[in-house]
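1. Following is a predicted model, sequence given first.
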Amino acid sequence: MVVDAVCPSCGKALPDRAGRTGRSSVYCSAACRQKAYRDRRTAPADTVRGLIEEVGRQVEALVPQPPSVFYSGVSELASSVGRLRRVARVARDTARDDSVTRPAVTKAPGAPAPVGEAAAGDSAAADEAATGDSAASRTAVPRASAGRHPSPAPGSVTHDSVTFQSVTPGSVTHEPATHESATGDSVARRSEARGSLGESDFAALVEPHRRELRVHCYRMSGSYDDAEDLVQETFLRAWRAREDYAGRASLRTWLYRIATNTCLDFQRRTARRPRRYEPVPGMNHGTADPPARITWLQPYPDEDLPSAEEQPDARAVSRETLELVFLAAIQHLPARQRAVLVLRDVLGLSAAETAEALEMTVASVNSALQRARPTLRDRLPARRTEWTAEADDRERAILGRYMAAAERLDLDAFTDLLSEDVRLTMPPNPFWFVGRAAITEFLRISLDPASPLFLGHWRHLPARANGQLAAGGYVRRPGTTVYRAQVLDVLRVEGDRIVEITSFEPHLFPAFGLPLRLPADR
């Protein structure tokens, strides 16, 4: 049954989406979306008890008729329950960390972890030296300076307009549930009455920022797996340093600052550097120069991106700055240049805000950005200036032909989709091919049933990764009856040809909503 959806903010019917593509919105206009966003920021869900009360009210308000209202109510309830579950997870992890580190933590969030000396010739170290901003002298959260901002009361933490008393482990108290309207002021009154901010209420404050922070950490690291770990580390650092938060910036800005410095610390520990692919004996890689090999590069599922309702700032999740070609290009930048470029050109922070976040001077920020931009331009292909529905339709048609050709084992139809200089890479594996002829030669032995190296029969499911179309490939090997996850192909399309295929291992299939097995009778 087709649901006649209505806007939950104003109650008007949503526009007809016939012929339109992309993710559906649950609001009829940008004004309604922004209003709902502001309402959520001042709703009772600012605390765990408030969120539980909100879930209860949503359950009581559910009515099966009319269907559009029922559907909207269930959707809101599912969103609230999902948030409550995530908040509980953050609170659990925070409490676990606090039980291990009960002594007062004085290290500022983002402070560098002890690491060995940088290797000679380390370009990142050289870059930081050039900017006059060494890791040893950096702190992530500057204190408010006298005469510039009013200082919070001793032992308090300010969240925008909300002041929370600091928490001493073991001092958390609980209050009975109340139906008081939980605006920022009422949250402050509740916190002052308790005398402390517990793990659960802290988790309720930071959890709404998880998705956008994960995208940020993904841009900085290039790895979906690492991004999730880095966000968790960001939350733990924020919890440990909650008494250092002076309220000079919004909670979101404070968390971005901690996340960025957490990523910089990670870069120093891992010292990752892109290298060139090397020839594999016995393989025809084509006549072009080998591309850059980024072994840690992973795809990011579009379904895991913040929606417009969760994060109205479109720059934070723009398609162009999430494409694999962009992610691969910024991995060539030294860590500090990468952080400056992401904060300035992707998130749109000013030079002064970026300097404060990274504890650099404005001159150092501008200098790093001037060096980063030319490097990035040199590694990016010619770009489309905008994304259109027509281009999306064309790409979907190409994806359909791509999957059908593989399932029919039709090598000719497959290669007809490829550009003459198409590139295929398979991080973290060492295999790479440049040019249609080299890729065709590689595929022929695995797609030909008469070949002793015939891999098996294929099935595919469509997916989206990094704002691009992708295909989850499953293979039924000879003599078996089940299709097993084999590869996730992310395609870059220009015009009517595929110009790049990046093939990833299948362990991330669940993150894309893809099963790991398909029955043979699908």
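-> That came through fine. Numbers count the residues shown, from 1 in each chain.
2. can I get the CA coordinates of stretch 510-522 in CSV?
-> Output of stretch 510-522 as CSV, limited to C-alpha atoms (Å, rounded to 0.1, in the frame of the first residue of the first chain):
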residue,chain,number,x,y,z
PRO,A,510,26.2,-5.5,6.8
ALA,A,511,27.0,-1.8,7.0
PHE,A,512,25.4,-1.4,3.6
GLY,A,513,22.3,-3.4,4.5
LEU,A,514,23.6,-6.3,2.3
PRO,A,515,23.3,-9.9,3.4
LEU,A,516,26.4,-12.1,3.4
ARG,A,517,24.6,-14.9,1.6
LEU,A,518,21.9,-15.3,-1.1
PRO,A,519,19.9,-18.4,-1.8
ALA,A,520,20.5,-20.1,-5.1
ASP,A,521,16.9,-19.7,-6.2
ARG,A,522,16.9,-15.9,-5.8
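3. Ala471 sits in which helix or strand?
-> Assigned by DSSP states H and E, Ala471 belongs to strand 468-476.
4. Each with direction, which strands does that strand pair with?
-> Take DSSP bridges as the rule and strand 468-476 pairs in its sheet with strand 457-465 (antiparallel), strand 482-494 (antiparallel).
5. Stretch 290-305: which residues count as buried?
-> Under the neighbour-count criterion of 16 or more other CB atoms under 10 Å, stretch 290-305 has 290-294, 297-302, 304-305 buried. For glycine as for every other residue, the C-beta is placed from the backbone atoms N, C-alpha and C.
6. which secondary element of the protein has the worst mean pLDDT?
-> In the chain, no helix or strand scores lower on mean pLDDT, DSSP states H and E than strand 162-165, which sits at a mean of 35.
7. hang on, the earlier thing: out of the strands paired with strand 468-476, which gets nearest to Pro374?
-> With CB to CB as the measure, strand 482-494 is the member of the strands paired with strand 468-476 nearest Pro374 (22.5 Å).
8. Sort out which residues of that closest one are buried, please.
-> In strand 482-494, counting by 16+ other CB under 10 Å, buried: Tyr483, Ala485, Gln486, Val487, Leu488, Asp489, Val490, Leu491, Arg492, Val493.
9. Return the distance of the nearest residue to the third one once chain neighbours are set aside relative to Pro8.
-> Leaving out its chain neighbours, the residue that sits closest to Gln486 by CB to CB, 6 or more residues apart in numbering is Val475, at 4.4 Å. Here the distance between Val475 and Pro8 works out to 44 Å (CB to CB, to the nearest Å).
10. tell me the contacts of the residue nearest to Val48 when sequence neighbours are not counted?
-> Spatial nearest neighbour of Val48, excluding adjacent residues (CB to CB, 6+ apart): Ser200 at 4.1 Å. By CB atoms under 8 Å, 6 or more residues apart in numbering, the contact set of Ser200 is Thr47, Val48, Val87, Ala88, Ala91.
11. give me the element the closest residue to the first one other than its chain neighbours is part of.
-> Spatially, and ignoring its direct neighbours in sequence, Thr47 is nearest to Asp201 (5.0 Å; CB to CB, 6+ apart). The secondary structure element spanning Asp201 is helix 199-206 (assigned by DSSP H and E).
12. If you count neighbours, what's buried in that helix?
-> In helix 199-206, residues buried by neighbour count (16+ other CB under 10 Å) are Glu199, Ser200, Asp201, Phe202, Ala203, Ala204, Leu205, Val206.
13. That concludes my questions; thank you for your assistance.
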